[in-house]
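> would you be able to build a 3D model of this:
(chains A and B)
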Amino acid sequence: MLKYLFVLSLLVSSLSFGQNSAFSAGEKLIFTASYNMSGVLTELAQVNMETSEVRTSKATLLRLKCTATTYSKWDSFFKIRDLYESYVSPKSVKPYLYKRDINEGGYSKFVQYKYSHSKGTVTSVIKKKKKGGGTYDQNNTLKISNNTKDIVSTIYYLRTLNLSTYSPGKVITLTVLFDNKPTEIAVTYLSKETISTNIGNKACYKLAISIKNSNVLKGTNDNLLWLSADDNKIPVFAKFKVAVGNGELKIKSATGLKN
Amino acid sequence: MRKLLIILGIIAAVLAIVLSVLPLSNLAYFPAIAALLFGLIAYYISNKNNQPIKTIQLIFLLTIIALSISIYKSIFHTVEIGNTEELQIRELKSEEKAIEDLESLDIDLNEEDLDINEEDLDIETEDLNIDEE
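Next up is the predicted model:
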């Protein structure tokens, strides 16, 4: 009987490990985004990923905030000030509210998703600036599946996966809601690799990312993400290939880590 | 041949100067090297035939200027982000608005704790092989 109790307690503890143990409020990751021009990498923008706590009268949520800012030398040519936010459950990284407020070289767009998980729907609002002033609004209610996430919460959700138990070649499929369309993303665990970064040499999990039924990302295994192979699983390096070239995202600094 | 090389040299040198002044200064190395090569070949041909080398000297001068600007920029210019004041205001406003919006949503964190991923339940059977001794 005692043995059964022991097994039961082991099961319960293993379930709790399935939750988020990789990040908490107060984490700040800074990245440098570079674009490859004729073989020369040019630093374009700084990408920040921050987490903070948000309290409402009903619950305490985690605010995942990503910003992209072009370096000052590019501002007069193509100024980018993007803000992506997702308000998620601190434990399961389930999103409740997503906001995307982008401003790229004069083009601006605002997207908001309000999730209703009990009904399985998302209320979406898209606002675009009209040329003559004012905004063009579009309101929709979309059906979603239980695991549908937005782009920000998906990036953070990848960090909660128990990658140490994965064998090379394992594929997981995630559904990401982007521009009101549920898009299936396949993440393949490739191998463990040690790479040199600005925050030291890091043993990493190497993941390949591809979008199903889309040709935005080019090549097979050309869009890669390296997550540090420790408890924090921070994204330290990413490579992407699109139609107009390829680029990189390198970590510059990481503060406020959970472990 | 000499004329063609000089024309190509001047075009490459001017392109190098333009790129070196722009934020794309890293790219100026390619036309600068090309201008140097065209210049050197043209200089060799001119010397051989005893022709004037004034324009070739101009190519070298422009290339050296372009290279010095690019090298100076790559050594002394550190990248820094532009003005983010407007973005920070937007971030704050967005958070305030989000808290208002979240109040009106049905959030039940306790319920979702029971929402366990299938993957987490993937327990290897060998773990359950209990020695019945």
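> the stretch 151-259 of chain A: helices as residue ranges?
A:151-160 (DSSP state H, counting those that start in this stretch).
> enumerate the residues of it near chain B.
Residues of the stretch 151-259 of chain A lying close to chain B by CB under 8 Å from any CB of the partner chain are A:161-162. Placement of C-beta: from N, CA and C, glycine included.
> most centrally placed residue in the chain?
I went with chain A, as the question did not name one. By CA atoms, centre = their mean, chain A has its centre lying nearest to A:I155, at 2.3 Å.
> chain B, not that one
Note: chain B centre (CA atoms, centre = their mean) maps to B:L24, 8.2 Å.
> tally of neighbours for residue 99?
Using chain A. 23 (other CB atoms under 10 Å in any protein chain shown).
> I was thinking of chain B, sorry if that wasn't clear
B:I99 has 17 nearby residues by other CB under 10 Å.
> report pLDDT for residue 83.
Answering for chain A, as no chain was given. pLDDT recorded at A:L83 is 94.
> that was the other one, I meant chain B.
We have a pLDDT of 85 for B:N83.
> quick one, what contacts it?
With contact set as CB atoms under 8 Å, 6 or more residues apart in numbering or on different chains, B:N83 has these partners: A:72, A:75.
> give me the beta-bridge partners of the nearest residue to the residue nearest to the centre of chain B once chain neighbours are set aside?
Excluding its sequence neighbours, the residue lying closest to B:L24 (CB to CB, 6 or more residues apart in numbering or on different chains) is A:T42, at 6.7 Å. A:T42 forms beta bridges with A:Y35, as assigned by DSSP bridges.
> looking at it, A:T42 is touching B:S25, isn't it?
No: A:T42 lies out of contact with B:S25 (CB atoms under 8 Å); the separation is 9.2 Å.
> more neighbours, those two?
The neighbour comparison of A:T42 against B:S25 (other CB under 10 Å) goes to B:S25, with 22 against 19.
> that one reaches B:K73, doesn't it?
Yes: the pair B:S25 / B:K73 is scored as a contact, 4.5 Å apart, by CB under 8 Å.
> before we move on, the earlier item: what about the residue nearest to the centre of chain B, distance to B:S74?
12 Å (CB to CB, to the nearest Å).
> any weak-confidence spans in chain A?
A:1-18 (pLDDT under 70).
> remind me, longest helix of chain B?
helix B:54-76 (DSSP state H).
> run through the strands of the stretch 1-150 of chain A in chain order.
For the stretch 1-150 of chain A, the strands defined by DSSP state E, counting those that start in this stretch occupy A:28-37, A:40-55, A:60-70, A:81-88, A:95-104, A:107-116, A:121-129, A:135-143.
> as JSON lines, these with distance to B:I7 would be great.
As requested, these are exported to JSON lines (distance: least, CB to CB, whole Å):
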{"stretch": "strand A:28-37", "distance to B:I7": "26"}
{"stretch": "strand A:40-55", "distance to B:I7": "26"}
{"stretch": "strand A:60-70", "distance to B:I7": "37"}
{"stretch": "strand A:81-88", "distance to B:I7": "43"}
{"stretch": "strand A:95-104", "distance to B:I7": "39"}
{"stretch": "strand A:107-116", "distance to B:I7": "40"}
{"stretch": "strand A:121-129", "distance to B:I7": "47"}
{"stretch": "strand A:135-143", "distance to B:I7": "51"}
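> out of these, which is the most enclosed?
strand A:81-88 (a mean of 24; mean count of other CB atoms under 10 Å in any protein chain shown).
> hmm, who's touching it?
Contact with strand A:81-88 is made by A:54, A:61-70, A:94-104, A:150-153, A:156, B:84, B:86-87, B:90-91, B:94-95, B:98, B:102, as judged by CB under 8 Å, 6+ apart.
> swap in 7 Å and give it another go.
A:54, A:61-69, A:94-104, A:150-153, B:86-87, B:90-91, B:94, B:98, B:102 (CB atoms under 7 Å, 6 or more residues apart in numbering or on different chains).
> partners of it in the sheet?
Under the criterion DSSP bridges, strand A:81-88 sits next to strand A:60-70 (antiparallel), strand A:95-104 (antiparallel) in its sheet.
> kindly calculate the angle that it makes with strand A:40-55.
Here the directions of strand A:81-88 and strand A:40-55 differ by 40 degrees (axes from the mean of the first three to the mean of the last three CA atoms, to 10 degrees).
> chain center to strand A:81-88, what's the gap?
Here strand A:81-88 is found 10 Å from its chain centre; the criterion is CA atoms, centre = their mean, to the nearest Å.
> keeping just the C-alphas, turn that strand into CSV.
Output of strand A:81-88 as CSV, limited to C-alpha atoms (Å, rounded to 0.1, in the frame of the first residue of the first chain):
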residue,chain,number,x,y,z
ARG,A,81,8.6,50.9,-32.8
ASP,A,82,6.7,47.7,-32.3
LEU,A,83,5.0,46.6,-29.1
TYR,A,84,3.6,43.0,-28.7
GLU,A,85,2.0,42.0,-25.4
SER,A,86,0.3,39.0,-24.0
TYR,A,87,-1.3,38.6,-20.6
VAL,A,88,-1.1,35.0,-19.6
